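In: build me a model:
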Amino acid sequence: MLRSETPPSPGNLQADPPPDSNSPTSAQLKGDIDSGRTGDKAPHVDVGAAPLGTCEEAGGTPPTSQEVRLARQNERAPSEKAAAGIMQQRTPWITSAFASAIVAIAVVLTLSLWLLH
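Out: Purely as a prediction, here's the structure:
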């Protein structure tokens, strides 16, 4: 029997981005992350053992809406830069350098094994 590559529910559900709000909650921040707005993960629901912000609430200091608003702005900033292509413009040489290093290592290993024979 072949194993399915589709994760079980609710991990296979698409996550829509939450609406902007004047008093955002930590659930909306998690919605930003789950929807892929932050660029950290694929846009699917991520089932966690404890919801985002649970530790702060248990400690008696839940995040204020201003802190959550700032966190949402900061978390979205990298993905907006990536969508604009800023990240790829800085380092277009990395992939070719990595491939060249692998080819060079393979050539050195092949030559050294051939010379030892």
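In: just checking, N12 touches H44?
Out: Yes - with contact defined as C-beta atoms under 8 Å, N12 and H44 form a contacting pair (6.8 Å). Quick note: C-beta positions are derived from backbone N, CA and C, even for glycine.
In: which one's more surrounded, those two?
Out: Legend: neighbour count by other C-beta atoms under 10 Å for N12 and H44, higher for H44 (16 against 11).
In: got phi/psi on the more buried one?
Out: phi -140, psi 160 (degrees, to the nearest 10).
In: that one bridge partners, please.
Out: H44 has these beta-bridge partners by DSSP bridges: Q14.
In: check what pLDDT it gets.
Out: Confidence at H44, expressed as pLDDT, is 79.
In: max-length helix in the chain?
Out: Across the chain, the longest stretch assigned as helix under DSSP state H is helix 94-116.
In: just the C-alphas of that one, formatted as PDB.
Out: Output in PDB follows, covering the C-alpha atoms of helix 94-116 (Å, rounded to 0.1, in the frame of the first residue of the first chain):
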ATOM      1  CA  ILE A  94      24.400  31.000  -4.400                       C
ATOM      2  CA  THR A  95      22.800  28.200  -6.400                       C
ATOM      3  CA  SER A  96      25.400  28.200  -9.100                       C
ATOM      4  CA  ALA A  97      28.200  28.300  -6.400                       C
ATOM      5  CA  PHE A  98      26.700  25.400  -4.600                       C
ATOM      6  CA  ALA A  99      26.300  23.300  -7.700                       C
ATOM      7  CA  SER A 100      29.900  24.200  -8.800                       C
ATOM      8  CA  ALA A 101      31.200  23.100  -5.400                       C
ATOM      9  CA  ILE A 102      29.400  19.800  -5.600                       C
ATOM     10  CA  VAL A 103      30.800  19.200  -9.100                       C
ATOM     11  CA  ALA A 104      34.300  20.100  -8.000                       C
ATOM     12  CA  ILE A 105      34.200  17.700  -5.100                       C
ATOM     13  CA  ALA A 106      32.900  14.900  -7.300                       C
ATOM     14  CA  VAL A 107      35.700  15.600  -9.800                       C
ATOM     15  CA  VAL A 108      38.400  15.500  -7.100                       C
ATOM     16  CA  LEU A 109      37.100  12.300  -5.600                       C
ATOM     17  CA  THR A 110      36.800  10.600  -9.000                       C
ATOM     18  CA  LEU A 111      40.400  11.600 -10.000                       C
ATOM     19  CA  SER A 112      41.800  10.600  -6.600                       C
ATOM     20  CA  LEU A 113      40.100   7.200  -6.800                       C
ATOM     21  CA  TRP A 114      41.300   6.800 -10.400                       C
ATOM     22  CA  LEU A 115      44.900   7.600  -9.500                       C
ATOM     23  CA  LEU A 116      44.900   5.200  -6.600                       C
END
